[in-house]
Each structure stands twice: as C-alpha cells, then as structure tokens.
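1. kindly generate the corresponding structure for this input.
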Amino acid sequence: MNNEAWYLRQMPYQENYESAKKRIDKAETVEEITKVDAGLTRLARAGCFLDDDYARLDKTLCKKLIKLEVKTWKTH
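-> Down below sits the predicted model:
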C-alpha cells in the first residue's frame with residue numbers, strides 16, 4: 001500500500017470522500033482526470049471508500065471526463 005492509500009485509510013470515510021471529490025473538481029485536463037481515476041481505483045481497492053461513495057465518485061469523475069473530452073473536441 002502506498003503512502004497516500006495508508007494516509008487515507010486513517011481518515012474517516014467521509015473525509016476520504018471529500019478529499020477525492022476535491023481532486024476530481026480540481027482536474028482541468030483529460031490527462032489529470034485520468035490520473036485521478038487511477039488513484040481512486042487504487043484507493044478503492046485498499047478499502048478507503050464505502051461502495052456507494054466510490055460509485056458516486058466514479059459517476060462524478062465520468063461526468064467530468066465527458067465534459068473535458070467534449071471541450072477538447074470543440075477546440076479541434
């Protein structure tokens with residue numbers, strides 16, 4: 001388990017969720033959101049989120065990814 005996963009496991013689930021939500025909101029490119037997605041997957045496997053929290057985060061991440069991809073398509 002990496003240091004980030006260890007640290008987040010020490011936090012209550014709600015704080016894990018809020019921290020992850022902020023990371024999703026902060027991402028401004030497809031590359032950044034892809035990195036956030038990989039991190040969330042690692043943390044979920046480590047048990048840092050409740051299942052329904054991870055599902056909500058994944059839904060939020062997917063919506064953000066779609067917006068960023070559409071934005072990228074419009075600029076080309």
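2. biggest helix in this structure by residues?
-> helix 51-75 (DSSP state H).
3. pull out the buried positions in it.
-> If you call a residue buried by 16 or more other CB atoms under 10 Å, then helix 51-75 has these buried ones: 53, 54, 57, 58, 61, 64, 65, 68. From N, CA and C alone the C-beta is placed, and that goes for glycine too.
4. which one of those is nearest residue 26?
-> residue 64 (10.2 Å; CB to CB).
5. helices and strands of the protein: which one bottoms out on pLDDT?
-> Least confident helix or strand of the chain, by mean pLDDT, DSSP states H and E, is helix 3-10 with a mean of 63.
6. and the next helix or strand past that helix?
-> Next helix or strand after helix 3-10 toward the C-terminus (DSSP states H and E): helix 13-26.
7. which residues sit against that next one?
-> 8, 11, 32-33, 36, 39-40, 43, 48-50, 53, 56-57, 60-61, 64 (CB atoms under 8 Å, 6 or more residues apart in numbering).
8. next, the angle from that helix to helix 51-75.
-> 0 degrees (axes from the mean of the first three to the mean of the last three CA atoms, to 10 degrees).
9. pLDDT averaged over helix 13-26 - what is it?
-> In this model, helix 13-26 carries a mean pLDDT of 91.
10. ok, residue 65 - contacts?
-> 30, 33, 34, 37.
11. in TSV: these, plus secondary structure and distance to residue 73.
-> Shown next, in TSV, are the contacts of residue 65 (DSSP: H, G, I helix; E, B strand; the rest coil; distance: CB to CB, whole Å):
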residue	secondary structure	distance to residue 73
30	helix	11
33	helix	15
34	helix	16
37	helix	19
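12. among the residues you listed, name the buried ones.
-> 33, 37.
13. can I get the contacts of residue 65 in CSV including pLDDT and distance to residue 72?
-> Formatted as CSV, these follow (pLDDT from 0 to 100; distance: CB to CB, whole Å):
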residue, pLDDT, distance to residue 72
30, 92, 6
33, 95, 11
34, 94, 12
37, 95, 16
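14. and which of the contacts of residue 65 is nearest to residue 75?
-> Nearest member of those to residue 75, counting by CB to CB, is residue 30, at 11.9 Å.
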